[in-house]
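Chemist: based on what follows, work out the 3D shape:
(one chain, ligands or ions: 1)
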Amino acid sequence: MEFISEILQELKDKDLLRDCTAIESAQEPIVRIKGKEYISFCSNNYLGLANHPLLKQAAIEAIHQYGCGTGASRLVSGTMTLHAALEKKIAEFKGTEAALLFPTGYMANLGALCAIVTKEDIVIGDKLNHASIIDGCRYSGATFRVYPHKDITKLESLLHKSLSYRRRLVVTDSVFSMDGDTAPLAEIASVVKKYNALLMVDDAHATGVFGKNGKGLIEHYGLEGQIEIVMGSLSKAVGSIGGFIAGSQQLIDFLKNKARHFIYTTALPPAVCAASLAGLNLILENATHMNNLWENIHYLNSSLSRFTPAIAGESPIFPFVIGTSKDALELSMKLFQNGILIPAIRPPTVPPGTSRLRVSIMANHEKHHLDRLIEVLCNIGFLKEKSSL
Ligand SMILES: *Cc1c(COP(=O)(O)O)cnc(C)c1O
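Modeler: This next block holds a predicted model:
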């Protein structure tokens, strides 16, 4: 087992060692760690629903009625009425015929990709796609090609060269998880159609955040019904946990039979399904959370515009790109000492040399939380007033 200590030491030497910080309170803008309070700017709980009374109540009622565990895979005896109700709601939410739940978004991506493409096929993805997509592309056994970030010309040339493959699948994040920018979905959909390929869109960070009704970036661009394979997560803005694929009834029937990450794992617990249902209903019925979130995004953008370096967010995710892992760790540490929680994101999560603080905003951050972030970043010398240059 010597290799383990060697690898750990090597990670430490390269400032790449990671560990978990335990939060002692609910996932709110203010969290408690070792008895002290911090403003959290690193949660994907964008709408603040993870600790919402309606979701908690729904989960508690589901536990009273159905208990905790599900005891088996969905295909054996694990499917309960709440799974069916949630899948129906997801399909309605995403504007598709049907949907299929997976325990997590990670597993939804792996399960779908490995089922849809195999050895005879090619899968083409954006260079900055989420790790779960990259893993799915790799494990599928299909030929796997990447195009430079959002480069449609390069995507088209890869599609052009791929005509001899049995199936051609293009897969992209809608909102990129570490940069917060958005994919040009309309252009991608049109070039994919031109080459008669399939398109899979991972709407994990856009669900509950983009679109008139919070249904995601696909709704935002008016592309509902035009994307064959829609992936999403219930673990971020929806405030619960779980992943899903939405699409045609046939796609869902196919995945039930072929997606190993659906078949060979135990069904999600009823409490979680009830919380997800409550979260989706809340997003559909009450725009307040999404409006507050966007107000906060605009507020932070306008605050940041007075400073260098230039940082702007297209979504709740603001990438504060630093460079080396050491510098990113140091900045994160200084913020922590000043009561702000933003862990450093380092390779392999982001490309080498682009270690960063990934600041994410929630609907229930108060303006004074955002002001405090700016104040601390100025005090420690990271942000500088433009006028003072
Ligand atoms: C978080 C994320 C996932 C994984 O979803 P989980 O439900 O957390 O497993 C997949 N894709 C993207 C783009 C993500 O950001």
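Chemist: ok, now which ones touch residue 345?
Modeler: Residues touching residue 345, when contacts are defined by CB atoms under 8 Å, 6 or more residues apart in numbering, comprise 178, 328, 355, 356, 357, 358. Where you see a C-beta, it was placed from the backbone N, CA and C, and this is true even at glycine.
Chemist: export those residues as CSV, with columns for distance to the ligand, neighbour count and secondary structure.
Modeler: Rendered in CSV, the data for the contacts of residue 345 read as follows (distance: CB to the nearest ligand atom, whole Å; neighbours: other CB atoms under 10 Å; DSSP: H, G, I helix; E, B strand; the rest coil):
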residue, distance to the ligand, neighbour count, secondary structure
178, 9, 19, coil
328, 19, 25, helix
355, 18, 25, strand
356, 15, 24, strand
357, 17, 24, strand
358, 11, 23, strand
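Chemist: hmm, which two among the residues you listed are most spread apart?
Modeler: Of all pairs drawn from those, the one with the largest separation by CB to CB is 178 and 328; the distance is 12.3 Å.
Chemist: tell me which parts of this structure are close to the ligand?
Modeler: Residues of the chain lying near the ligand by CB under 6 Å from any ligand atom: 104-106, 109, 130, 132, 173, 177, 202, 204-205, 233, 235, 243.
Chemist: tabulate the contacts of residue 345 (JSON lines), appending distance to residue 139 and pLDDT.
Modeler: Output for the contacts of residue 345, formatted as JSON lines (distance: CB to CB, whole Å; pLDDT from 0 to 100):
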{"residue": "178", "distance to residue 139": "21", "pLDDT": "95"}
{"residue": "328", "distance to residue 139": "30", "pLDDT": "96"}
{"residue": "355", "distance to residue 139": "27", "pLDDT": "96"}
{"residue": "356", "distance to residue 139": "27", "pLDDT": "94"}
{"residue": "357", "distance to residue 139": "31", "pLDDT": "96"}
{"residue": "358", "distance to residue 139": "26", "pLDDT": "96"}
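Chemist: nearest to residue 53, of the residues you listed?
Modeler: Proximity of the contacts of residue 345 to residue 53 was ranked by CB to CB; the top entry is residue 358 with 28.5 Å.
Chemist: ok, and the closest non-adjacent residue to the closest one?
Modeler: residue 345 (4.9 Å; CB to CB, 6 or more residues apart in numbering).
Chemist: who's the one you found bridged to?
Modeler: Counting by DSSP bridges, residue 345 is bridged to residue 356.
Chemist: related to what we said a few turns ago, what touches both of residue 178 and residue 328?
Modeler: The contact sets of residue 178 and residue 328 overlap at 345, 356 (CB under 8 Å, 6+ apart).
Chemist: near the residue in the stretch 1-150 of the chain positioned nearest to the ligand, how many other residues are there?
Modeler: The minimum distance from the stretch 1-150 of the chain to the ligand, using CB to the nearest ligand atom, falls at residue 105 (2.2 Å). Residues contacting residue 105 under the criterion other CB atoms under 10 Å number 25.
Chemist: how near is it to residue 273?
Modeler: Relative to residue 273, residue 105 is positioned 15 Å away (criterion: CB to CB, to the nearest Å).
Chemist: same check on residue 181?
Modeler: Looking at residue 181 against residue 273, where the rule is CB to CB, the gap reads 32 Å.
Chemist: with residue 219 instead?
Modeler: Applying CB to CB, one obtains 23 Å for the distance of residue 219 from residue 273.
Chemist: of these two, who's got more company?
Modeler: When residue 219 and residue 273 are compared on other CB under 10 Å, the one with more neighbours turns out to be residue 273, at 30 against 20.
Chemist: tell me the domain ranges of the protein?
Modeler: Per automatic domain parsing, the domain ranges recorded for the chain read 26-41+287-388, 53-285.
Chemist: what's the most buried one of those?
Modeler: Burial of the domains of the chain is given as mean neighbour count (mean count of other CB atoms under 10 Å); domain 53-285 ranks first at a mean of 20.
Chemist: just the terminal-to-terminal distance for that one.
Modeler: Using CA to CA, to the nearest Å, the end-to-end distance of domain 53-285 comes to 15 Å.
Chemist: with stretch 62-75 instead?
Modeler: Between the start and the finish of stretch 62-75 there is a gap of 21 Å, counting by CA to CA.
Chemist: what sits up against that stretch?
Modeler: By CB under 8 Å, 6+ apart, the list of residues contacting stretch 62-75 from outside reads 77-78, 80, 82-83, 101, 256, 262-271, 273-275.
Chemist: OK, contacts around the closest residue to the ligand within the stretch 251-389 of the chain?
Modeler: Nearest to the ligand in the stretch 251-389 of the chain, going by CB to the nearest ligand atom, is residue 317, at a distance of 9.4 Å. Residue 317 makes contacts with 175, 177, 178, 179, 180, 205, 358, 359, 360, as judged by CB under 8 Å, 6+ apart.
Chemist: any idea what the last one is bridged to?
Modeler: Here residue 360 shows beta-bridge partners residue 317, assigned using DSSP bridges.
Chemist: in helices only, show me the contacts of stretch 62-75.
Modeler: Residues from the contacts of stretch 62-75 lying in helices, with DSSP state H as the criterion: 82, 83, 256, 262, 263, 270, 271, 273, 274, 275.
Chemist: any idea how far residue 176 is from residue 185?
Modeler: The separation that residue 185 has from residue 176, given CB to CB, amounts to 12 Å.
Chemist: same thing with residue 371?
Modeler: Relative to residue 176, residue 371 is positioned 27 Å away (CB to CB).
Chemist: residue 23 reaches residue 35, doesn't it?
Modeler: No - under the criterion of CB atoms under 8 Å, residue 23 is not in contact with residue 35, lying 12.0 Å apart.
Chemist: shaky segments in the protein?
Modeler: Low-confidence segments of the chain, defined by pLDDT under 70, are located at 388-389.
Chemist: would you map the helices across this structure?
Modeler: For the chain, the helices identified by DSSP H occupy 2-13, 53-66, 81-94, 105-116, 131-140, 152-160, 185-194, 217-220, 249-258, 260-263, 270-285, 288-304, 325-337, 367-379, in order along the chain.
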